[in-house]
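Q: I'll drop the sequence and a predicted model, then ask my questions.
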Amino acid sequence: MFAARQASQSVFGAVQRRTFSATASNATKVAVLGAAGGIGQPLSLLLKLNPRVTELALYDIKGAPGVAADISHINTKSTVKGYEPSGAGIKECLTGAEIVLIPAGVPRKPGMTRDDLFNTNASIVRDLAKAAADACPEANILVIANPVNSTVPITAEVFKSKGVYNPKRLFGVTTLDVVRASRFISQLKSTDPATENITVVGGHSGATIVPLLSQAGYTLEGAERDEYIKRVQFGGDEVVQAKGGAGSATLSMAMAGARFAESLLKAAQGQSGVVEPTYVDSPLYKDQGVTYFASQVELGPNGVEKIHPVGDMSEFEQGLLDVCLKDLKSNIEKGEKWVKENMGN
């Protein structure tokens with residue numbers, strides 16, 4: 001039994017080292033808003049395993065103290081505390097946070113699009129953004145709550161209304177699109193998925209997700225290409241259906257959120273050349289009225305350091321991008337219009 005336990009600990013340690021490669025050099029507080037939910041719980045677990053995180057603050061309308069108590073037993077150095085709306089609540093949770101992740105919101109159900117979630121999740125994100133703008137206006141804000149194409153503009157408008165908007169500190173987490181695109185091409189080409197890194201640009205729903213296979217040297221044709229594109233763009237539907245309506249893409253999304261947070265922490269702690277795909281306030285297509293766009297972004301101590309251009313693409317990919325830009329413009333305008341009409345007190 002002792003040998004088995006040793007082996008288990010060895011495997012755990014190897015996974016931890018492979019996922020999070022360095023120890024923390026500074027005190028770093030990370031807050032998760034929606035920590036008791038389907039994404040929030042595994043995301044909080046992964047953040048507890050990250051040695052770059054020294055303080056983990058978990059908030060939800062209920063259940064966060066329980067999640068905090070549970071993962072606080074994990075043998076890593078970070079401290080964990082859970083918060084609910086009563087008492088000190090969200091203000092204490094957010095004060096001093098360097099990174100705030102927002103997975104809060106209702107999940108998709110069979111037949112629902114991300115847009116169907118809009119009104120409920122828009123209100124949730126608006127209120128959480130207000131709290132963050134008041135308590136930690138200089139934090140990096142990572143929006144996971146769908147529809148990201150609209151919730152990121154909503155968050156930006158809230159920060160603007162309070163005079164603390166910094167476009168370099170606001171991110172829509174689109175990492176899962178890259179994870180899926182890379183995994184799915186590895187299945188078709190029988191390659192190691194860990195070595196694939198397919199560039200994905202645009203937004204974070206349906207036709208706004210544009211994988212650029214040509215930049216990785218791959219060419220798919222006909223039905224195989226169409227099925228691949230559909231699977232990348234609507235991979236979330238695959239999970240919702242497989243779970244029979246009991247959930248959505250929570251575990252893979254948690255992994256993607258943790259990966260993006262790790263990249264931001266690396267950059268904040270001095271590592272250069274950290275590049276991740278993310279949906280940000282971008283100049284790339286502003287001349288077409290698309291003010292937010294996901295592309296490769298170089299990260300640094302101040303958040304966004306450099307927004308990379310999309311680069312060369314095939315004629316087919318250009319067609320996908322044209323559709324993306326039209327839909328994305330509409331999604332952004334919808335978010336901005338909603339928040340201006342529903343800013344509240």
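A: Thanks, I have the structure now.
Q: Every contact and neighbour count from this point should use C-alpha atoms.
A: OK.
Q: quick one: the strands in the stretch 51-200 of the chain?
A: Ranges of strands in the stretch 51-200 of the chain, per DSSP state E, counting those that start in this stretch, are 55-59, 79-83, 99-102, 140-143, 170-172, 199-202.
Q: Direction included, what does the first one pair against?
A: Strand partners for strand 55-59, identified by DSSP bridges, are recorded as strand 29-33 (parallel), strand 79-83 (parallel).
Q: Show the average pLDDT along the first one.
A: Same thing as strand 29-33. Mean pLDDT, strand 29-33: 98.
Q: One more: stretch 100-111?
A: Across stretch 100-111, the average pLDDT comes to 82.
Q: can I assume E98 is in contact with L142?
A: No: E98 lies out of contact with L142 (C-alpha atoms under 8 Å); the separation is 10.9 Å.
Q: So what touches stretch 84-99?
A: Contacts to stretch 84-99, defined as C-alpha atoms under 8 Å, 6 or more residues apart in numbering, come from residues 28-31, 57-65, 82-83, 100, 131-132, 135-136, 138-142, 261.
Q: circling back to that earlier point, kindly reformat the strands of the stretch 51-200 of the chain as a markdown table containing distance to D127.
A: Formatted as a markdown table, those follow (distance: least, C-alpha to C-alpha, whole Å):
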| stretch | distance to D127 |
| --- | --- |
| strand 55-59 | 13 |
| strand 79-83 | 16 |
| strand 99-102 | 11 |
| strand 140-143 | 13 |
| strand 170-172 | 16 |
| strand 199-202 | 26 |
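Q: ok, V80 - how many residues close by?
A: Using other C-alpha atoms under 10 Å, V80 is surrounded by 23 other residues.
Q: all helices of the stretch 201-345 of the chain, in order?
A: Assigned by DSSP state H, counting those that start in this stretch, the stretch 201-345 of the chain shows helices spanning 222-233, 235-242, 251-268, 315-341.
Q: quick one, which of these is nearest to K286?
A: If you check each of the helices of the stretch 201-345 of the chain against K286 by C-alpha to C-alpha, helix 315-341 wins as the nearest, at 9.7 Å.
Q: low pLDDT regions in the stretch 151-300 of the chain?
A: Judged against pLDDT under 70, the stretch 151-300 of the chain has no low-scoring part.
Q: Show the contacting residues for K77.
A: The contact partners of K77, by C-alpha under 8 Å, 6+ apart, come to P51, T54.
Q: CA atoms only: put stretch 43-51 into PDB for me.
A: The C-alpha trace of stretch 43-51 is given here as PDB (Å, rounded to 0.1, in the frame of the first residue of the first chain):
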ATOM      1  CA  LEU A  43     -11.100  26.000 -12.100                       C
ATOM      2  CA  SER A  44     -10.500  26.700  -8.400                       C
ATOM      3  CA  LEU A  45      -9.000  23.300  -7.900                       C
ATOM      4  CA  LEU A  46      -6.500  23.900 -10.800                       C
ATOM      5  CA  LEU A  47      -5.600  27.300  -9.400                       C
ATOM      6  CA  LYS A  48      -4.900  25.800  -6.000                       C
ATOM      7  CA  LEU A  49      -2.400  23.500  -7.700                       C
ATOM      8  CA  ASN A  50      -0.600  26.500  -9.300                       C
ATOM      9  CA  PRO A  51       2.500  27.500  -7.200                       C
END
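Q: Now do that stretch: distance to the chain's middle.
A: Stretch 43-51 has its C-alpha centroid displaced from the chain centroid by 15 Å (C-alpha atoms, centre = their mean, to the nearest Å).
Q: Give me the phi and psi angles of G96.
A: Taking degrees, to the nearest 10, you get phi 90, psi 0 for the backbone angles of G96.
Q: Distance of it relative to R225?
A: 47 Å (C-alpha to C-alpha, to the nearest Å).
Q: again with S248
A: Look at S248 and R225: by C-alpha to C-alpha, they are 25 Å apart.
Q: higher neighbour count, those two?
A: S248 (24 against 13).
Q: Disregarding residues adjacent in the polypeptide, which is nearest to the more buried one?
A: Spatial nearest neighbour of S248, chain neighbours left out: V240 (4.6 Å); criterion: C-alpha to C-alpha, 6 or more residues apart in numbering.
Q: I'd say that neighbour and F234 touch.
A: No: between V240 and F234 there is no contact, the gap being 10.3 Å when judged by C-alpha under 8 Å.
Q: Can you pick out the residue with more neighbours from those two?
A: Neighbour count, other C-alpha under 10 Å: between V240 and F234, V240 has more, with 21 against 18.
Q: Show me where the stretch 51-200 of the chain has its helices.
A: Going by DSSP H, counting those that start in this stretch, the stretch 51-200 of the chain shows helices at 64-71, 89-94, 118-135, 148-161, 175-189.
Q: In terms of secondary structure, what does the longest one contact?
A: Packed against helix 118-135 by the contact rule (3 or more C-alpha pairs under 8 Å, 6 or more residues apart in numbering; DSSP states H and E) you find helix 89-94, helix 148-161, helix 315-341.
Q: List the beta-bridge partners for the closest residue to I229 other than its chain neighbours.
A: Leaving aside its sequence neighbours, I229 sits nearest to P211 (C-alpha to C-alpha, 6+ apart; 7.4 Å). Beta-bridge partners recorded for P211 (DSSP bridges): V200.
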